[in-house]
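Enquirer: my questions concern the predicted model and sequence given below.
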Amino acid sequence: MVAIFLTLPIQHPSVILLLAAFEDYLIGDPGTLLHPVQVIGWLIQKYTDLTIKFCQVGWQRRLAGVFLGLSLIVGSGIVGWLIVESFKIVHPLWGYTSEIVLLASCFAGKSLKVAVQDVLQPLNSQDLVTARSRLSLYVGRDTDNLSESEILRALLETIAENTVDGVTAPLFYAILGLFIPGLGSVPLALAYKAASTLDSMVGYRREPYTDLGWFSAQLEDRLTWIPCRLTVITLSLFSGKPLKVWGICCRDGVKDPSPNSGWSEAVYAGILEVQLGGKNIYQGIVKEKPLLGDAVESISMDKINRALTLTRYCFLCWLGIAVLVS
């Protein structure tokens, strides 16, 4: 694959994809630069505030939710394409650079690793107070009273969910864009990123998002379905015991109300021989999540690091296949 890469010109779509993946691996999301997700999140928040203020009837909010979902997802793809093409008019090198930067911003591999290590560092020193505080920045559950084992479970569940939403699904759509002439990877990857951000911000089954976010949540579920199953299959093959792991996913993945997060958590639970799910507390309200996997072993820091390694291997496997095929 390295030999093939060296023979390709920089403007080749697969080279752009490789360089974007390399940028994410080395740099991740630099905090000093404006991130596309920040812009998307700002637009969602402003639109949500206006909708809640002026749309009081359920059907009005549902209609507003459809408009929000379609306009932001399609609009993000179009804006991404326009940015790249505009820079190419100025100079081809500027166009390729903008393409690499935008595409790298869609991958969250480095960010996921940094976030997990940010919590593991104080946990390794038995500083539960700091670990809980840092964990609260990355998860929605209440963290004030979590034990060490509960913190580790939260981290593993975060890795499992974000591997699909933030790593493999954006890569899947970036790869898909390679094979659409005149489009490229950026528009599809950015469009999926917009869908994922919409789901995380308004895709809740509680007020005031019940009607506003239903369309975005349903659409994101469907956009993630194929990448999620491919991720489960890939990780199962890496495990060395694919039939056993796949059996656990088929048994437990369907227990979760989400058509995707149950499967992504179940595959990590099956490979690492641990159990995920159980009692979580959100804003003081206890919620019992289905148990996924078998509690053969306890969740440890080593298991967390192994999970991050699995995520990296899956990403690299897809990337290698995409380059060879393209």
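Expert: Happy to help now that I have it.

Enquirer: state whether Leu291 is indeed within a strand.
Expert: Yes: counting by DSSP: H, G, I helix; E, B strand; the rest coil, one finds Leu291 located in a strand.

Enquirer: number of nearby residues for it?
Expert: 14 (other C-beta atoms under 10 Å). Every residue, glycine included, has its C-beta placed from N, CA and C.

Enquirer: burial check on the residue nearest to it when sequence neighbours are not counted, number of neighbours?
Expert: Leaving aside its chain neighbours, Leu291 sits nearest to Gly277 (4.5 Å; criterion: C-beta to C-beta, 6 or more residues apart in numbering). Using other C-beta under 10 Å, the number of residues around Gly277 comes to 20.

Enquirer: kindly report the same for Leu324.
Expert: Neighbours around Leu324, by other C-beta under 10 Å: 11.

Enquirer: could you do Leu82 as well?
Expert: The burial count for Leu82: 11, using other C-beta under 10 Å.

Enquirer: quick one: low-confidence ranges for the chain?
Expert: 1-11, 31-32 (pLDDT under 70).

Enquirer: now the strands: where do they sit in it?
Expert: 276-282, 285-292 (DSSP state E).

Enquirer: point out the most buried one among those.
Expert: Comparing those by mean neighbour count (mean count of other C-beta atoms under 10 Å), strand 276-282 ranks first with a mean of 16.

Enquirer: pull up the pairing partners for that strand, direction included.
Expert: strand 285-292 (antiparallel) (DSSP bridges).

Enquirer: centre of the chain versus the strand it pairs with, how much separation?
Expert: 21 Å (C-alpha atoms, centre = their mean, to the nearest Å).

Enquirer: contact partners of that strand?
Expert: 248, 252-253, 255-256, 262, 265-266, 269, 275-281 (C-beta atoms under 8 Å, 6 or more residues apart in numbering).

Enquirer: correct me, but Trp214 touches Arg62?
Expert: Yes: under the criterion of C-beta atoms under 8 Å, Trp214 makes contact with Arg62 at 6.4 Å.

Enquirer: give me the more crowded residue out of those two.
Expert: More crowded of Trp214 and Arg62, by other C-beta under 10 Å: Trp214, with 19 against 16.

Enquirer: what distance do you get for the more buried one to Thr51?
Expert: 13 Å (C-beta to C-beta, to the nearest Å).

Enquirer: quick check: neighbours shared by those two?
Expert: Gly65.

Enquirer: okay, now Glu85: neighbour count?
Expert: Neighbours around Glu85, by other C-beta under 10 Å: 15.

Enquirer: please apply the same query to the one 5 residues further on.
Expert: Number of residues near Val90 (other C-beta under 10 Å) recorded here: 10.

Enquirer: likewise for Leu176?
Expert: 17.

Enquirer: ok, it - contacts?
Expert: Leu176 sits in contact with Leu188, where contact means C-beta under 8 Å, 6+ apart.

Enquirer: relative to Ala169, how far out is it?
Expert: 11 Å.

Enquirer: same thing with Ala21?
Expert: 14 Å.

Enquirer: please identify which of these two sits among more neighbours.
Expert: Set Ala21 next to Ala169 and count neighbours by other C-beta under 10 Å: Ala169 wins out with 28 against 23.

Enquirer: for the residue nearest to the more buried one when sequence neighbours are not counted, list the residues it contacts.
Expert: Spatial nearest neighbour of Ala169, chain neighbours left out: Pro227 (3.9 Å); criterion: C-beta to C-beta, 6+ apart. Pro227 makes contact with 164, 168-169, 172-173, according to C-beta under 8 Å, 6+ apart.

Enquirer: repeat that for 7 Å
Expert: 164, 168-169, 172 (C-beta atoms under 7 Å, 6 or more residues apart in numbering).

Enquirer: ok, Ser326 touching Pro13?
Expert: Yes: if you go by C-beta atoms under 7 Å, Ser326 and Pro13 touch, sitting 6.5 Å apart.

Enquirer: more neighbours: these two, which one.
Expert: Ranked by neighbour count (other C-beta under 10 Å), Ser326 and Pro13 place Pro13 first, with 21 against 15.

Enquirer: the nearest residue to the more buried one once chain neighbours are set aside: how many residues sit nearby?
Expert: Once flanking residues are discounted, Pro13 sits nearest to Leu178: 4.8 Å by C-beta to C-beta, 6+ apart. With neighbours defined by other C-beta under 10 Å, the count for Leu178 comes to 20.

Enquirer: same question for Glu273.
Expert: 18.
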